[in-house]
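Asker: Just a sequence and a predicted model for now, questions to come.
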Amino acid sequence: MPTSPAHLSRLDLELRRLLAERPVAVLGTLDEHGAPFVSMVPFAVEPASGALVLHVSALAVHTRQMQAEPRVSLLVMGADDWAESPQALPRVTIAARAEFTPRDSAAERPLRAAYLARHPQAELMTQLPDFTFVRLVPISARHVAGFGAARSVAPDDLARVLAGIAAVPPM
């Protein structure tokens, strides 16, 4: 059940807003030699479980890397405000474990619903046979709310923040 905004701290509310407003993230994966690789991915949040959701193609490098090594990192950044210092840019880095879901399974249904609620234009891609949904199960997070306002977010606190995010279409 989603946590009421009245029961969250100011920083938790800022984190929830950041994740709800920003539909694209930077995904960090590891290649076969353990070297880092980053790519851009649209994402959603499945509010019942608090999992992050990706929809990926088997042709993508990051997909093969997640299948071989499920430890990933996701960076979500606030909108760039040229009036501010880059160090003041709100952001969160979430370490997670990637779990692939079988097509047309019960596990896939809530991920599909959350993803398409946020990215309705992806409906046609869900019909392509090489695309699959991936659940990113958060392990830890580092949240920077602004210059000098950084904190680690405990897994239970992160789960409460993620569980309250409604499907918000991109602006």
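Answerer: Arrived safely, thanks for sending. Keep in mind it's a predicted model, so treat the numbers as computed, not measured.
Asker: Give the other helices and strands that the longest strand out of those in the chain contacts.
Answerer: The strand that spans the most residues within the chain, counting by DSSP state E, is strand 131-146. Judged by 3 or more C-beta pairs under 8 Å, 6 or more residues apart in numbering; DSSP states H and E, strand 131-146 is in contact with helix 10-21, strand 51-57, helix 61-68, strand 91-100, helix 108-118, strand 149-153, helix 155-163. C-beta here means a position set from N, CA and C on the backbone, and glycine is covered the same way.
Asker: which residues sit against the second one?
Answerer: Okay, so that is strand 51-57. Residues from elsewhere that reach strand 51-57 (C-beta atoms under 8 Å, 6 or more residues apart in numbering): 27, 41-46, 62-63, 66, 74, 94, 96, 98, 111, 114-115, 119, 122, 125-126, 128, 130-138, 162.
Asker: coming back round to it: centre of the chain to the longest strand of the chain, how far?
Answerer: 4 Å (C-alpha atoms, centre = their mean, to the nearest Å).
Asker: The chain should start at 28 in everything you say after this.
Answerer: Sounds good: first residue 28 from here, last item strand 158-173.
Asker: mind listing what the spatially closest residue to residue 137 that is not a sequence neighbour touches?
Answerer: Distances taken as C-beta to C-beta, 6 or more residues apart in numbering place residue 73 nearest to residue 137, at 5.3 Å, with adjacent residues excluded. When contacts are counted by C-beta under 8 Å, 6+ apart, residue 73 touches 79-80, 137-138, 140-141, 162.
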